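Participant: sequence plus predicted model, see below.
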Amino acid sequence: MRVKHLFIPNNEISMTAVRSQGAGGQNVNKVSTAIHLKFDIISSSLPEVIKQRLLTLNDQRVTRDGVFVIKSQETRSQLKNKEQALLRLQSFIAQALTARKVRKKTRPTKASRLRRLNTKNKRGDLKRNRQKITE
């Protein structure tokens, strides 16, 4: 499998066919069309920088052991489910390839601070005017 300029050997990706859930009639009970794809990030041949990025992504599909797990069962075809699982793996790795932009610290403008304070004062006046008048 190729992701941009990276190549992942097929022996690092394990795919097993399992029985699918949902609609499909008798086909669902007889044929294993769903695909379980497992990709061990830690023992893969990816560069260390990308491995760390993949492991730090807050993704529920990555286990504590660093294994990326996908179950693809959208179609009734095993081949199409394999293709979809590989595409999902590709997009997951591509997500780690793009470096995040560093956030620039900004300060609120003077006008925005004045607007905020004015709305706070108006809200306070409104609440004060709702109170009972004491003489």
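Facilitator: Sure, I can see it. Numbers count the residues shown, from 1 in each chain.

Participant: so what's the residue count around residue 117?
Facilitator: With neighbours defined by other C-beta atoms under 10 Å, the count for residue 117 comes to 10. From N, CA and C alone the C-beta is placed, and that goes for glycine too.

Participant: how about residues contacting the one helix or strand it maps to?
Facilitator: Assigned by DSSP states H and E, residue 117 belongs to helix 110-130. Contact with helix 110-130 is made by residue 108, as judged by C-beta atoms under 8 Å, 6 or more residues apart in numbering.

Participant: where does the residue nearest to the spatial centre of the chain sit, in terms of helix or strand?
Facilitator: Centroid-nearest residue in the chain, with C-alpha atoms, centre = their mean: residue 59, separated by 5.3 Å. Per DSSP H and E: residue 59 is located in neither a helix nor a strand.

Participant: how close does it get to residue 130?
Facilitator: 49 Å (C-beta to C-beta, to the nearest Å).

Participant: check residue 111 too.
Facilitator: Taken as C-beta to C-beta, the span from residue 111 to residue 130 is 29 Å.

Participant: the helices in the chain, which residues?
Facilitator: Applying DSSP state H to the chain gives helices spanning 26-30, 48-56, 78-97, 110-130.

Participant: let's have the ones you listed in TSV, adding distance to residue 12 and mean pLDDT.
Facilitator: Compiled in TSV, those are given as follows (distance: least, C-beta to C-beta, whole Å; pLDDT from 0 to 100):
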stretch	distance to residue 12	mean pLDDT
helix 26-30	30	77
helix 48-56	12	85
helix 78-97	10	88
helix 110-130	51	96
